[in-house]
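> got a predicted model here, sequence first, then my questions.
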Amino acid sequence: MGGIVMRVFISWSKESSKQLALALRDWLPDVIQQVEPWVSSEDIEKGQQWLIEVGEQLEDLSEGLLCITPTNQHEPWLNFEAGALAKTLDRGKVRPVLLGIKPTDITGPLAQFQSTSATDQEDMFKLVKSINTSCERPLDPDRLRTSFDRAWNDFSLKVQLIDLGTFKNGNAEERPSDDMLREVLDLVRSMTREPMVGRAARRNLIDSAEIGDGTFVTVGSSVVHRHFGPGRFVGFSEGSLADPTPNAVVDFVNGGGRQILPLNELRARHQRTD
C-alpha cells in the first residue's frame, strides 16, 4: 500500500464483538485516511497460519483497539491479544471500545486500560483525536472534526443494530474456563479446515430447524433478515466446539450474497422484521 500508513489492530471475541470490530474497520479510514485497520478474521488470507500471522501483525502496528461487550471481557483470546498489545505498545495506545457495558463493569487485566464508549459520540471523537495525534501526518483539528461528523451517523447506525446476545439477571452469562479454552482451540482449527456448509443437512442429520419467529424451515424456504433482506435458506453450517448449535446458510437476493447466520436472526418471508 502506498503512502504513509498507520496500522491499527482491532481485537474481538464472540459475534457481537466481531460486528463492532468490523464496523470500526470500515469506519476509521473514512475519518482518518492514513489509518489501516486489521481484523484477524477478515484480513488473514485463506491457508495462512492464523497465530503466526496475528503475531506478525502485532509486531507491525501503531495502535490497538479491543472490542468489549458484556459477553466477552473474560474470553481468553481477547485477553491474550490484549496482553500481546500491552507488551508491544505503550499502555496508552491500547484502548478498549465498549458496547453494552460500562467502564466500571470491566474487571481483570482489561481494567488497566482507558476505555471508550462506542455509542458516545464525543467519547469516540476523543478516541479518534488520540489516534490522529499518533499519525505521522495528522489531520488539522477542523478537518478531523468535519471528517468525523460526516462519517458518524453510518457508524452509529451499525453499532445500534448489533445484537448483544443473551444475559442472565442483566449480567453476562458466565462460562466455565475449559469451555472458553475449547472455543479458542476451535478458532485456531477453523482457519485450516474446509467450511462444512450444509454437511449436516446433506447427511439428513438435520431436516428442519426453528428460526426466530418460531417457524420451522427446510432447505429452499424463503426467509428474511433485518439487515440483509429477503433470501433463500440453502442449508446448515456446523457449530463450534463451544457451541454445537448449527447456523443457517442463506443466499440473499438483494446483493447480500451468501451469509452464515444464527437461526434466531431469521424470520419467515411473510413476517415483518421490526
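Looks like it came in fine.

> OK, contacts around the nearest residue to residue 228 once chain neighbours are set aside?
Leaving aside its chain neighbours, residue 228 sits nearest to residue 256 (3.7 Å; criterion: Cβ to Cβ, 6 or more residues apart in numbering). C-beta: built from backbone N, CA, C; applies to glycine. For residue 256, the contact set (Cβ atoms under 8 Å, 6 or more residues apart in numbering) comprises 225, 227-229, 231.

> just residue 154 next, same as before
27, 30.

> go on, residue 141?
So residue 141 contacts residue 129 (Cβ under 8 Å, 6+ apart).

> how about it, phi and psi?
The phi and psi values for residue 141, taken as degrees, to the nearest 10, are phi -50, psi -40.

> residue 231 bridge partners, please.
In this entry, residue 231 is beta-bridged to residue 223, residue 252, by DSSP bridges.

> picking that back up, now go through the contacts of residue 256 and say which are in strands.
The strands, defined by DSSP state E, take in 225, 229, 231 from these.

> separation between the residue nearest to residue 228 and residue 149?
29 Å (Cβ to Cβ, to the nearest Å).

> what do you get for residue 133?
The value you get for residue 133 to residue 149, if Cβ to Cβ is used, is 18 Å.

> what ranges of this structure fall below the confidence cut-off?
1-4, 40-62, 88-92, 165-207, 238-245, 270-274 (pLDDT under 70).

> hmm, residue 8 is touching residue 63, no?
Yes. The pair formed by residue 8 and residue 63 meets the contact definition of Cβ atoms under 8 Å, at 4.6 Å.

> just the buried ones from the ones in strands among the contacts of residue 256?
Buried members of the ones in strands among the contacts of residue 256, scored by 16 or more other Cβ atoms under 10 Å, are 225, 231.
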